[in-house]
Structures are given as structure tokens and as C-alpha cells.
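In: When you get a sec, could you give me coordinates for this:
(2 chains)
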Amino acid sequence: MSVIEVQNLCRYFGETKAVDNISFNVEKGEVLGFLGPNGAGKSTTMKVITGFISPTSGTVRILGHDIEQDSIEAKKKVGYLAENAPLYGEMKVGEFLAFVADVRGYEGAHKFQAVERVYDLTGIGSVAKQTIDTLSKGFKRRVGLSQALIHDPDILILDEPTDGLDPNQKYEVRTLINKMARDKCIILSTHILEEVDEVCNRVAIIANGKLVADETPAKLKARSRAAGALSVSFEGNAPENVLTELAKISGVARVEEISKKKSNAVYLLYAQNNAVILPAVTEELTKRQWPYASVGLEQGYLDEVFRTLTNTGRN
Amino acid sequence: MNNINAIFKREFKSYFATPIALIFLVVFLVLTGFFTFKLGSFYEMGQASLASFFAWHPWLYIFIVPAVSMRLWAEEKRSGTVELLFTLPVTLFEAMVAKFLAAWLFLGLALLLTFPMVLTVAYLGQPDYGPILASYIGSFFMAGAFLAVGLFVSAMTNNQVISFVVATFLCLFLVLLGYSPVQELLVKISPDLMLMLNVLSVPYHFEAIQRGVINVGNLVYFVSVILFFLVSGAVILDKSKAD
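Out: Numbers count the residues shown, from 1 in each chain, chains lettered A, B, ... in the order given. The predicted model follows:
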């Protein structure tokens, strides 16, 4: 039995099909990243998994509990941070968390401990006595996260947990997720492709309500055209005629200019018949004394794979 | 039970977290005073009774109760906290009952604060306390019935203005069914219809209680209205919570 089992999930809003026959399982220790354009069905899928809206057809099981037949038991296992982290703004942070702990069944000293525990985890103890409406966006997001963590759930569903946060706050949230990843089962949605690399060990791409990819970030990147090509980057201006000169190196089939800016330029060299071209290229670069900054095998570009997958889904 | 208790406490406290409670209580007390002494000709009647005070309650509640109920679900839906609430292990009916009880207690508190009225009649003469006590109880149940209607309407929309206007209209309807000018019209259509609608109207039951006898039938009426709209509201909310 998987921790989360989603089978043939469909959800309509009127005539619109928001989620179209999605199936996947998530196991303990997995951090599954939902990627997809806006309106692709990521949030709807999460809302169905957390039991907020019911599926039009298909089933969701949380640790064996059906989200429709046995929704209360299922909801007890899940911590959920909804999009934009909705909170009761007129409450104080401490009161709010105590309320969530109350509903989660904590009483007396246990309630106090549960709240203290999330203060340590998310670092919001300093604002415990502040009214939520007066907090900054970063703190509000962390209060939302604290609320989802209060019962130390086996399953965490986070809808764009780092959206609208500054780089430091994003880093903190990602660190927190990584810290918890080992003994939980986490699904998170994001727009930020680098985030997938940093926190997820599995990626699901959703486009037009359909699941168009479900694999590890590395495998997904390997789908990129650029995967396996040799990337050469120059600090500052690239030498003249670099494109034609690089193409002359033996074994190189084609050279592509990836970026050319004032500060740096990046070129991709595709090999003929998967030939090993690294030695020949470095030799040539050294011989010509070109000021290259790095040479290395390209793993692939996630954004390119993302665009390819989500655009084909649209046609 | 634990969930109802937790949500009830949160809801009740939330009235006092903002100036809403204070503003509401002041407006309520000023209006009851105005209705009783000015429109109700309290002094001119020359009786040590609170009849002119309670007679206005149905009309006052038509506006006052929807003002309390309009935000109860509409605001949660607008701000998205409804998603927070219903992804916690809470059932729709528990949340409905908890919100109802918190708002009802708040209205009860407002009603309790009209006690200077009782002191006034006690100072002016020797009132019969039976009808006064019965009327307070009846008024409290009437407020509960209107509140359930308002909660039901609030579950349908995420717009507080719509919530207020529709709830006011429905409450007005429940009062007008028992209002004599309307009944005179209804009699012309069908006397049976008039009598039937009269029994379904709020004033019919409230006036019966005001006489000083709390009949089980009258309380059953109010409790039925409350339960009917709470259950219907939970059903509506299930369909509309994600809109």
C-alpha cells in the first residue's frame, strides 16, 4: 500500500475538465514536485487529495483511507498548505496555532508542546503574540506551514510553498522541506524549476489536466535536446568566429549558441554518433589560448523539457 | 463535540478581536431604545410592561441578524480560509453548528444587555415578570431562527452584500406571513392558505410566547426552523465551498 494512491482522478468544473484521468502513487521518503503552467490542474489535484473538493470520478486513498468514504481519518494524516496560505487574519499567531491543535485533537500540555515544536521548526516563536494580519508575507507563509505541521503529519501537501518569498525565505523553506523529507511523504507544487532540483526526488508535470511526465528530475532533464552535449562557456566576450571555429573540431557535428551576453557566452557542442569529444575540444581550446571559463557535459535544461511537454499538451 | 467546541470558541472570540462586536452592540441597544420609546410609545401606554419593547423585535432582527450572519461563510470563502477549515478533520455540519452557536450566543449577549429596560419598568411600576422572561426566551429563539436563515444564505455566496440582502429578504418574508395587512390580502385568495402560512410565520409563534406561556409547539417551531436551515446550509456549503 502506498502512502498516497491516486487512481484515474477526474474533476470537472461545469463543462471544463480541470483534472483529466490522473493516476500516481507516492511513497514515504518521496518529495513529489508538481510542475505545470497556471491553470493546468495542479491546485485542483491537491484540493481533491486533501479532501477539500470531491473528485468527479476516480479515487484518492491516504494511507488506505478513501478521501470520500473515510474523509475525516484521511484528513487526520495530512498537513496542507493551500495556495496563498489562507489564515484567520484577525487572530494572534499563538491563538491560531492553538486552534488548529485543538481541532487536531491536542489537549492541555500536549497542545502547548505541539505549538512549541512548530515554533522551533519554522522559527515563528518571536511573533507568537502578533496578529496575523500585521505580519509580513514571509511570516504569514511560515504560519501557514506551521499550521500544516502541527500534528507532525505523515503526509504534507504544499501548494506553492515558496511563492512570493524573498530568496532567503525561499532557502529557509526549502531547507525545512529537505529536513523533513526523509520520513514523510511530500507533494509540493511550484513554478520555480530550480526548486525541483533542490528539493524533489520526483517530478510530475501536469498540462491541461493531464499527467504528461512522472519521473526523477535527472531523467526528465535527460529528455532535453541539450542533454549529453558538451557546453563551453566563456567569461566576457567570446572569441571571434567562435561558432565556425568550434564546429571545425573533429567529432563535433553541430554548435549551438545558447547565450551571448556581455558577461559571458555559452555554446553547446553536439557530437557525431555519440563520439567522445571532450579531449579534442579542451585540447583545441588550450591550443588557441581561448579564455574559456568551463567545459562540461550538459545534463539538460529543465525549462526546455517543461516547455516542450506543456506545449504539446495544449495542441 | 471537540471540533464544535474548538470552532465555537474561535468564532466567538473573533467577534471581539475587531471592533465589530462593540459597534454591533451599541447599534443594537440604540435601536431597541429608539424603537421602544419613540415608535413604540412606551410612556404613552402608561403600562409597566415591555410589550412595546418586544413588539419591535421581529422587525429589528430582520436587519440586525443578517448583519451578524452575512460574513460567517461569505468571508471564509472570500479569504480562502474555508479551504483551511475543511482540510482539517472537521465535518460540514460540525462547522455549521459551531458557527451558529457562537453567533447565537453573541446575539444572546446583545439581548441580555437590554436589561436596563427591565429595570426601567421595575422602577416605574409593578410589571408581571412572567411575560417578560418568556418574551426574552422567545426573542432569543426568534433570533436563532433568523440566524439559521442568514447562515444558510451566507453558505451560498462569497459576497457579503448579497448575503445580507438575501437573508434580510427571507427573514422579512417569514415575518410578513404573519403580518396582518399581508394576511388581509391572503384571506382574499384563500382563508386556508392564510391560516397555514400564519402558522409558518415567525410572529405567530413569537406573539404566543409574549403572552407569557411558553408552549412546546412554539419552541418546536423555532428549533425546526433552525435545524432545517442548518442542515440545508451544510448541504449547500458542500456544493459551493470551492466556488
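In: Count the residues that sit near residue B:173.
Out: Per other C-beta atoms under 10 Å in any protein chain shown, the neighbour tally for residue B:173 reads 14. Quick note: C-beta positions are derived from backbone N, CA and C, even for glycine.
In: Which residue ranges of the stretch 51-200 of chain A form helices?
Out: A:71-76, A:93-103, A:108-122, A:137-149, A:167-180, A:193-199 (DSSP state H, counting those that start in this stretch).
In: can you pull the contacts of residue 121?
Out: As the question left the chain open, I've gone with chain A. Residues in contact with residue A:121, defined by C-beta atoms under 8 Å, 6 or more residues apart in numbering or on different chains, are A:146, A:149, A:176.
In: Actually, chain B is the one I wanted.
Out: B:48-50, B:127, B:132.
In: got a markdown table for those, with secondary structure, distance to chain A and neighbour count too?
Out: Shown next, in a markdown table, are the contacts of residue B:121 (DSSP: H, G, I helix; E, B strand; the rest coil; distance: C-beta to the nearest C-beta, whole Å; neighbours: other C-beta atoms under 10 Å in any protein chain shown):
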| residue | secondary structure | distance to chain A | neighbour count |
| --- | --- | --- | --- |
| B:48 | coil | 43 | 14 |
| B:49 | coil | 41 | 18 |
| B:50 | coil | 36 | 24 |
| B:127 | coil | 41 | 17 |
| B:132 | helix | 36 | 21 |
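In: Residue B:111 and residue B:93: what is the separation?
Out: 26 Å (C-beta to C-beta, to the nearest Å).
In: nope, residue B:240 is what I was after
Out: Residue B:240 sits 15 Å away from residue B:93, going by C-beta to C-beta.
In: what's the answer for residue B:143, then?
Out: On the measure of C-beta to C-beta, residue B:143 and residue B:93 end up 21 Å apart.
In: more neighbours, these two?
Out: Remark: of residue B:143 and residue B:93, residue B:143 carries more neighbours, 25 against 16, as counted by other C-beta under 10 Å.
In: State whether the more buried one is indeed within a strand.
Out: No. The assignment for residue B:143 (DSSP: H, G, I helix; E, B strand; the rest coil) gives helix, which keeps it out of a strand.
In: correct me, but it touches residue B:109?
Out: No. In this structure, residue B:143 is not within contact of residue B:109 by C-beta atoms under 8 Å, at 11.0 Å.
In: Point out the residues in chain A that sit beside chain B.
Out: Within reach of chain B by C-beta under 8 Å from any C-beta of the partner chain, chain A has these residues: A:47, A:50-53, A:72-73, A:75-76, A:78, A:80, A:82-84, A:86-91, A:95, A:99-100, A:102-105, A:131, A:147.
In: quick one, what contacts residue B:117?
Out: Taking C-beta under 8 Å, 6+ apart as the test, what residue B:117 contacts is B:32, B:36, B:50, B:53.
In: so which of those comes closest to chain A?
Out: Checking these against chain A with C-beta to the nearest C-beta, the nearest one is residue B:32 at 27.2 Å.
In: Would you mind confirming that that closest one is in contact with residue B:61?
Out: No. Residue B:32 lies out of contact with residue B:61 (C-beta under 8 Å); the separation is 10.6 Å.
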